[in-house]
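Participant: structure, please.
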Amino acid sequence: MRAIFAAEPTTSPMISVGGTAIKNFKKDFTVDGETITIDFITMNCVEKQLYQLYIPYNDGTVRVHVQRNENGDFKIMGDNVCPAKFLPLEAAFDEAIKNY
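Facilitator: Below is the predicted model of the structure:
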């Protein structure tokens, strides 16, 4: 498995002209008894479609793409890019995006 380490994301909101902007946000999750804060960075300020998640992992940060599928559910994209311990959170990521 290959981890992609990235610089810290910005959490400033993206701005949309003529509508409500889809905004970046942070959310806490519990993994192996530890609370971690994950940054959800939108790639589209007009509709919820694609997010980059920045997840603290092994003294760094891993970036995971989560995209809306044809059923409207947000799924982790790419093989072997998300550390296995976070895969069970896929439904929680979907819920977090839909409810923010």
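
Participant: so where do the helices sit in this protein?
Facilitator: 90-99 (DSSP state H).

Participant: quick one: low-confidence parts of it?
Facilitator: 1-19 (pLDDT under 70).

Participant: give me the residue at the spatial middle of it.
Facilitator: What sits nearest the mean C-alpha location of the chain, by CA atoms, centre = their mean, is residue 53, with 2.8 Å.

Participant: was I right to think it contacts residue 37?
Facilitator: No. Residue 53 is beyond contact range of residue 37, at 11.0 Å (criterion: CB atoms under 8 Å). C-beta: built from backbone N, CA, C; applies to glycine.

Participant: name the nearest residue to residue 27, ignoring sequence neighbours.
Facilitator: residue 96 (4.9 Å; CB to CB, 6 or more residues apart in numbering).

Participant: for the residue nearest to residue 42 when sequence neighbours are not counted, grab the count of nearby residues.
Facilitator: The spatially closest residue to residue 42, leaving aside those adjacent along the chain, is residue 22, at 4.8 Å (CB to CB, 6+ apart). By the measure other CB atoms under 10 Å, the count of residues near residue 22 is 20.

Participant: go on, residue 64?
Facilitator: When neighbours are counted by other CB under 10 Å, residue 64 comes out with 24.

Participant: understood, closing this out.
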